[in-house]
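S.K.: sequence? don't have it. structure:
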């Protein structure tokens, strides 16, 4: 597996600033935020994580009070004009916070066993350790 250096990853991310705003605008127009966000499964996931929301259903009520067009308008008018500048401004923090996690994952990737024919064995021996490395590096394991 070929792995980019942090400098290459940062350069790619930084180069993306030129086209992210237009892609963001295009995504807004195709997005259906309301359907998934107001679903029963989304509500179940949220309620599991936030005990208070189970009783009050505050998330679902809030989601249902905003239409797709309300969300799109706010995203177009507030998000699209500033996303590139915000990403550029956040690059030092992104690198400082993400870089050490990336280093840990790259070291795990370098030690993975070779691929085999059995996809389940690959998932267990190659994918699970990488996901665990990301979770551990992020302090979530």
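M.R.: Sure, I can see it. What you are looking at is a predicted structure, and each value in this text was computed from that prediction instead of being measured. Numbering: from 1, shown residues only.

S.K.: From here on, just use CA atoms for contacts and neighbour counts.
M.R.: Will do.

S.K.: secondary structure class for residue 9?
M.R.: helix (DSSP: H, G, I helix; E, B strand; the rest coil).

S.K.: How far does the least confident helix or strand in the chain by mean pLDDT sit from its chain's centre?
M.R.: Least confident helix or strand of the chain, by mean pLDDT, DSSP states H and E, is helix 51-56 with a mean of 85. Centroid separation for helix 51-56 versus its chain: 25 Å, with Cα atoms, centre = their mean, to the nearest Å.

S.K.: helices or strands next to it in the packing?
M.R.: Counting contacts by 3 or more Cα pairs under 8 Å, 6 or more residues apart in numbering; DSSP states H and E, helix 51-56 packs against helix 40-49.

S.K.: Would you map the helices across this protein?
M.R.: 6-15, 20-30, 33-37, 40-49, 51-56, 58-64, 68-74, 83-110, 119-122, 128-137 (DSSP state H).

S.K.: Between those helices, which has the poorest mean confidence score?
M.R.: Lowest mean pLDDT within the helices of the chain: helix 51-56, at a mean of 85.

S.K.: can you list contacts of that helix?
M.R.: Helix 51-56 is contacted from outside by 46-48, 59, using Cα atoms under 8 Å, 6 or more residues apart in numbering.

S.K.: Can you list the buried residues in it?
M.R.: Of all the residues in helix 51-56, those buried under the rule 16 or more other Cα atoms under 10 Å are 53-54.

S.K.: surely residue 106 meets residue 2?
M.R.: No: applying Cα atoms under 8 Å as the test, residue 106 and residue 2 come out as separate, 9.9 Å apart.
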